[in-house]
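Engineer: prediction below, plus the sequence it came from.
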Amino acid sequence: MNKPVVLYKFGGSSLANPDRILTVAKKIKKALSEYKVIVVVSAIGDYTDEIIHKKREFTSSLNKREMDLILSTGEMISSAILCMKLEEIGVPAKSFNAYQVGIITDNNFGNAYIRDIEKKDNILKAISEGYIPVIAGFQGITREGELTTIGRGGSDTTAVAISHVINAEECVLFSDVDGVFTADPRIVKNARLLKRICYDEMSELAHAGAQVINHRALELSRKYGVRLVVRSSFSDGMGTLIDEEGDVEKSCISGITYNKKSAKISILGITQKDMASLNIMGAISDAKIPIEMIQQNITYDGLENMNILVARDDLIKAISCIEKFSKSFERLIYDADVGSVSIVGKGLKDKNGILFKIMSLLSNENIPVYLVNTSEVKVLIVINATDVEKTVLFLHKGLELDKL
């Protein structure tokens with residue numbers, strides 16, 4: 001029988017200790033009765049954070065090229081260890097790094113983009129010889145042979161890209177949760193597992209802070225039609241299918257997610273001459289600082305105000321970019337202790353009363369709101385970081401997401 005090919009990607013939490021690695025190895029072995037399996041892995045546990053901390057003991061340098069060399073070691077270690085564990089239980093396996101698979105990226109160290117996968121035949125050859133290919137995620141190489149990494153959560157992107165080039169029947173992203181929930185089950189105990197969700201909604205959840213899947217992996221999956229499933233490493237549940245349609249029977253709201261590590265920057269009294277606001281945004285873009293949200297408005301006296309939401313870690317760099325244009329605005333205010341809560345679903349902008357209900361619930365709980373941003377699939381509110389978790393709890397209840 002010519003078995004279909006599936007790709008299994010395992011996150012760091014699934015590989016955090018010897019017992020979990022054995023569980024993963026057994027899951028792979030069990031799947032071999034039905035499929036040919038290719039595996040992509042993240043670094044074991046919190047290895048990436050630990051190696052960054054360890055580096056700081058020796059140097060404060062942030063040389064991006066050298067950082068990528070350090071960070072890429074985690075996935076190579078986990079791929080080799082998983083191969084050894086698979087062999088222990090009778091499953092031949094071979095580890096592969098980015099060079100061996102030919103994962104070609106641009107030269108944007110720390111956040112590189114995959115351009116091609118040139119050596120997929122090495123993967124297929126290993127399968128034909130009876131081996132499980134276990135590929136180090138998160139890393140790539142440039143045309144010049146420089147090692148790169150593709151950003152936080154980049155192993156998801158590696159997995160989807162490889163699934164595309166080898167035409168895998170399915171790409172399954174395994175983690176320590178059962179799939180995509182209406183809210184973080186660690187905060188909302190009665191959060192519901194979604195059997196199916198559409199790309200637009202899942203993309204908004206990912207951008208807004210949900211750590212189930214990397215948003216770049218979602219974009220690739222949608223572009224190339226890769227069937228994508230999120231599932232638990234430690235149970236046999238069906239998980240959540242992500243596709244174009246989503247669940248046609250659910251309510252208009254799919255879920256609530258949050259981010260407690262944001263910073264709000266307010267630039268007040270921007271002059272409209274010399275394209276001042278455009279220059280400010282251009283400087284932030286050139287510094288490769290992702291903007292989580294931006295709002296602009298013209299005041300009664302013809303000046304412009306701009307509110308920008310960025311990751312807290314990017315605040316100092318963003319301020320440095322903005323201050324280059326200090327002659328073009330009156331005042332700069334920032335708050336490094338804000339968070340955001342996002343309510344995501346189809347047709348929210350057209351749904352009568354949703355925004356009013358959300359704001360009423362916030363008012364009833366005396367939660368101060370700094371900014372509100374709406375789109376077709378998301379309502380984002382900016383609040384104090386200390387209010388984020390309780391806001392997720394009462395909105396999940398108040399919007400009745402705990403009900404079918």
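Structural biologist: That came through fine. Residues are numbered from 1 along each chain as shown.

Engineer: if I pick the residue lying closest to D46 once chain neighbours are set aside, what's in contact with it?
Structural biologist: Using CB to CB, 6 or more residues apart in numbering and skipping residues adjacent in sequence, the residue nearest D46 is G12, 6.9 Å away. Where C-beta positions appear, they are placed from N, C-alpha and C, glycine not excepted. Listed by CB atoms under 8 Å, 6 or more residues apart in numbering, the contact partners of G12 are 42-48, 78.

Engineer: what are the contacting residues of the helix or strand of the chain with the lowest mean pLDDT?
Structural biologist: Scoring the helices and strands of the chain by mean pLDDT, DSSP states H and E places helix 199-207 at the bottom, with a mean of 82. Applying CB under 8 Å, 6+ apart, the external contacts of helix 199-207 come out as 180, 197, 212-215, 218-219, 221-222, 242-244, 246, 254-255, 257, 292, 342, 344-346, 375, 377-378.

Engineer: what sits against the closest residue to F329 other than its chain neighbours?
Structural biologist: Using CB to CB, 6+ apart and skipping the chain neighbours, the partner closest in space to F329 is I270 (4.4 Å). With contacts defined as CB under 8 Å, 6+ apart, I270 is in contact with 276-277, 280, 303-306, 328-330.

Engineer: hmm, 6 Å instead?
Structural biologist: Applying CB atoms under 6 Å, 6 or more residues apart in numbering, we find I270 in contact with 276-277, 304, 329.

Engineer: before we move on, what about A217?
Structural biologist: By CB under 6 Å, 6+ apart, A217 lies in contact with 156-157, 160.

Engineer: which of the residues you listed fall within helices?
Structural biologist: When the contacts of A217 are checked against helices (DSSP state H), the matches are 156-157, 160.

Engineer: most neighbours, which of the residues you listed?
Structural biologist: D156 (31 neighbours; other CB atoms under 10 Å).

Engineer: confidence score at it?
Structural biologist: Listed pLDDT for D156 reads 95.

Engineer: would you state the strands of the stretch 201-350 of the chain in chain order?
Structural biologist: For the stretch 201-350 of the chain, the strands defined by DSSP state E, counting those that start in this stretch cover 228-232, 240-243, 253-270, 291-298, 304-311, 331-345.

Engineer: any idea how far Y99 lies from G153?
Structural biologist: Computed as CB to CB, to the nearest Å, the Y99 to G153 distance reads 22 Å.

Engineer: before we move on, what about E304?
Structural biologist: With CB to CB as the criterion, E304 and G153 are 35 Å apart.

Engineer: also L62?
Structural biologist: Per CB to CB, L62 is found 20 Å from G153.

Engineer: hmm, back to that, drop anything exposed from the contacts of helix 199-207.
Structural biologist: 180, 197, 212-215, 218, 221-222, 242-243, 246, 254-255, 257, 292, 342, 344-346, 377-378 (16 or more other CB atoms under 10 Å).

Engineer: which residue is nearest the centroid of this structure?
Structural biologist: Centroid check for the chain by CA atoms, centre = their mean gives N214 as the closest residue, at 2.8 Å.

Engineer: L62 and G153: who's more crowded?
Structural biologist: G153 (19 against 9).

Engineer: enumerate every residue touching the more buried one.
Structural biologist: N214.

Engineer: and what of E400?
Structural biologist: Neighbours of E400 in contact, by CB under 6 Å, 6+ apart: none.

Engineer: quick check: phi and psi at it.
Structural biologist: Main-chain torsions, E400, degrees, to the nearest 10: phi 60, psi 40.

Engineer: tell me the pLDDT at it?
Structural biologist: On pLDDT, E400 comes in at 87.

Engineer: the one 3 residues further on too?
Structural biologist: Here, the pLDDT recorded for K403 equals 73.

Engineer: do the same with A208
Structural biologist: With respect to pLDDT, A208 has a value of 65.

Engineer: ok, K223 next?
Structural biologist: pLDDT, read off for K223, is 93.

Engineer: with M275 instead?
Structural biologist: On the pLDDT scale, M275 gets 87.

Engineer: next one: V5
Structural biologist: Reading off the confidence values, V5 has pLDDT 96.

Engineer: same question for the one 5 residues further on.
Structural biologist: Predicted confidence (pLDDT) at F10: the value is 96.

Engineer: if I pick it, what's in contact with it?
Structural biologist: 24, 41, 174.

Engineer: among these, which ones are in strands?
Structural biologist: 41, 174 (DSSP state E).

Engineer: got a markdown table for the contacts of F10, with distance to L401 too?
Structural biologist: As requested, the contacts of F10 are exported to a markdown table (distance: CB to CB, whole Å):
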| residue | distance to L401 |
| --- | --- |
| V24 | 31 |
| V41 | 33 |
| F174 | 25 |
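
Engineer: quick one: which of the ones in helices among the contacts of A217 is nearest K403?
Structural biologist: Minimum separation from K403 among these (CB to CB) is found for D156, which lies at 30.8 Å.

Engineer: my guess is the closest one contacts R216. True?
Structural biologist: No. Proximity of D156 to R216 does not meet the contact threshold set by CB atoms under 6 Å, at 7.6 Å.

Engineer: tell me what I256 is bridged to.
Structural biologist: I343 (DSSP bridges).

Engineer: next one: V379
Structural biologist: Applying DSSP bridges, one finds that V379 bridges with I343, T374.

Engineer: ok, the residue nearest to the residue nearest to the centre of the chain when sequence neighbours are not counted to K27 distance?
Structural biologist: Once flanking residues are discounted, N214 sits nearest to G153: 3.4 Å by CB to CB, 6+ apart. Separation of G153 from K27 (CB to CB) stands at 21 Å.

Engineer: again with V6
Structural biologist: Separation of V6 from K27 (CB to CB): 12 Å.

Engineer: same question for I213.
Structural biologist: I213 is 19 Å from K27, by CB to CB.

Engineer: G353 now?
Structural biologist: Taken as CB to CB, the span from G353 to K27 is 45 Å.

Engineer: contacts for stretch 329-336, please.
Structural biologist: 263-270, 312, 315.
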